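**Q** Need coordinates for the following:
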Amino acid sequence: MELSENTPLSLPLFLLNDELEQRDMASPDLVLDVILDETLLAHLCQNPKVDESISINIEQYQLKAELAQYEDALNGSHQAQLLLNHGPVLSAVVSFDNEQVFISPPMEMMPTFDLGEEEES
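**A** Presented below is the predicted three-dimensional model:
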């Protein structure tokens, strides 16, 4: 996955439970959408050591329910974090006040930068 500034990042989210390993990764429960601003992208440019991870709280994001049974949960209080592990490997966690937790599959990523070196026509 390539990440660039001011681009949207959409991550599929799955309810964390005993059936998670049997889930179809093409059919998520929720989708987390976040715009990668300069600050967030700077955090994602880190590559933690093998035994470390970095948790990044995100304030501006949107959640969409892909399954009707989770639409009511979106009205409740929740918080989202991006987790960065060695690789770098990116995943997301969304926790709800009702103690439901949704996670995204880990994805290898490579931040890219616009250095402003493109020629103007």
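**Q** Pretty sure H43 sits in a helix.
**A** Yes. With DSSP: H, G, I helix; E, B strand; the rest coil as the criterion, H43 is located in a helix.
**Q** quick one: it from Y61, how far?
**A** Per C-beta to C-beta, to the nearest Å, H43 is found 14 Å from Y61. From N, CA and C alone the C-beta is placed, and that goes for glycine too.
**Q** The two - which one has more neighbours?
**A** With neighbours defined as other C-beta atoms under 10 Å, H43 and Y61 compare such that Y61 has more, 18 against 15.
**Q** wait, the more buried one sits on L36?
**A** No. Counting by C-beta atoms under 8 Å, Y61 stays clear of L36, with 11.0 Å between them.
**Q** which residues in the protein form strands?
**A** 2-3, 8-15, 30-35, 53-58, 62-65, 78-85, 89-96, 101-103, 107-108, 110-111 (DSSP state E).
**Q** For N17, grab the count of nearby residues.
**A** Neighbourhood size, N17 [other C-beta under 10 Å]: 9.
**Q** Then Q81?
**A** Applying other C-beta under 10 Å, we find 15 residues neighbouring Q81.
**Q** how about it, what does it touch?
**A** For Q81, the contact set (C-beta atoms under 8 Å, 6 or more residues apart in numbering) comprises 55-58, 92-95.
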